[in-house]
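> Give me a model of this one.
(one chain, ligands or ions: 1)
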Amino acid sequence: MNDFELRQSIIDHCIRMNASGLNQGTSGNISVRAGDMMLITPSATPYEKLRPQDIAAMPIDHDYGNWEGPLKPSTEWPFHLDIMRARPEVGAVVHTHSTFATILSIARKEIPACHYMIAAFGGSNIRCASFARYGTKELSEAAVEALEGRKACLLANHGMITLGPTLDKAMWLAVELETLAKQYYHSLLIGGPVLLSDAEIAETMKGFATYGLQDPKPAGTAKAAVKSRKKQSG
Ligand SMILES: [Zn+2]
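Numbers count the residues shown, from 1 in each chain. Below you'll find the model as predicted:
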């Protein structure tokens with residue numbers, strides 16, 4: 001996707017995120033890696049009014065906090081940027097205040113291995129980051145820590161974050177996380193879940209690999225493998 005298409009896909013996903021009930025108003029935000037820049041939704045602008053040129057751009061590895069565009073980036077830009085800096089495999093970050101994930105974050109409950117789909121997030125739990133005010137460096141540090149080895153976390157008394165190699169994948173995980181949060185919440189009302197073991201989660205992760213539910217290999221890996229095979233045969 002070129003720069004314009006990436007910007008348009010951010011807008012399309014924002015509109016879809018609200019239409020599906022995953023997000024309300026402009027509380028959610030989305031960022032996408034575009035080379036050495038991060039594209040991010042602007043602050044407090046109704047998604048229907050957004051044009052591709054309104055999406056803010058921020059350098060990832062230099063000039064921390066600088067931005068380009070007619071509108072200020074989302075106030076949550078620090079954690080979007082710090083996640084992109086800490087996790088080179090991440091191509092997109094989705095943040096929402098989706099209802100059930102937020103309810104669990106208010107109770108400061110992490111999500112345990114109550115359903116095998118938790119394996120899609122990289123392990124047997126989804127942590128809840130400690131509380132810090134929105135838009136702060138403290139919140140960003142808490143989020144990066146809670147995301148270690150995972151593709152999602154809850155943010156205490158706030159909402160949730162999901163990550164993916166692409167925006168489609170990060171958005172798919174956002175829908176899965178809200179579903180998981182809803183299922184876990186309701187299981188607590190009928191006596192609490194029976195949890196899966198670490199071995200059962202590890203087994204599920206292996207299965208996901210064959211169903212293509214895991215991340216694609218980093219760009220270049222497949223080509224390099226083909227090249228080295230060619231070399232061997234030639
Ligand atoms: Zn938020």
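> who touches the lengthiest helix in the chain?
When the chain is parsed with DSSP state H, its longest helix is helix 167-189. Residues outside helix 167-189 that contact it (C-beta atoms under 8 Å, 6 or more residues apart in numbering): 9-10, 13, 16-17, 20, 22, 30, 32, 91-94, 96, 98-101, 103-104, 111-112, 114-115, 117-118, 120-121, 126, 151-152, 154, 160, 162-164, 193, 215. Any C-beta I mention is one placed from the backbone N, CA and C, and that applies to glycine too.
> Any quick PyMOL command for the buried ones out of these?
Command for PyMOL that selects the buried part of the contacts of helix 167-189, burial taken from 16 or more other C-beta atoms under 10 Å:
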select buried, resi 9+10+13+17+22+30+32+91+92+93+94+96+98+99+100+101+104+111+114+115+117+118+120+121+126+151+152+154+160+162+163+164+193+215
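> In strands, which of the contacts of helix 167-189 fall?
Counting by DSSP state E, the contacts of helix 167-189 place 30, 32, 92, 93, 94, 96, 152, 154, 160, 162, 163, 164 in strands.
> Looking at those residues, point me to the pair that's furthest apart.
Farthest-apart pair in those is 32 and 154; separation 22.1 Å (C-beta to C-beta).
> Any stretches of this protein with poor pLDDT?
212-234 (pLDDT under 70).
> hmm, try it at 50
For the chain, the stretches with pLDDT under 50 are 218-234.
> would you turn the ones in strands among the contacts of helix 167-189 into TSV with distance to residue 49?
Listed next are those as TSV, based on distance: C-beta to C-beta, whole Å:
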residue	distance to residue 49
30	16
32	19
92	22
93	22
94	20
96	19
152	29
154	30
160	25
162	25
163	27
164	26
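> how about the helices of the chain, start to end?
Secondary structure of the chain (DSSP H): helices located at 3-19, 77-86, 99-106, 137-146, 167-189, 198-210, 221-233.
> Only alpha carbons, please: show the shortest one as CSV.
Spelled out, that is helix 99-106. Taking Å, rounded to 0.1, in the frame of the first residue of the first chain, the C-alpha atoms of helix 99-106 are listed here in CSV:
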residue,chain,number,x,y,z
THR,A,99,-16.9,-2.0,26.7
PHE,A,100,-16.0,-5.4,28.1
ALA,A,101,-12.2,-4.9,27.8
THR,A,102,-12.7,-1.6,29.6
ILE,A,103,-14.9,-3.2,32.3
LEU,A,104,-12.1,-5.7,33.1
SER,A,105,-9.5,-2.8,33.1
ILE,A,106,-11.7,-0.9,35.6
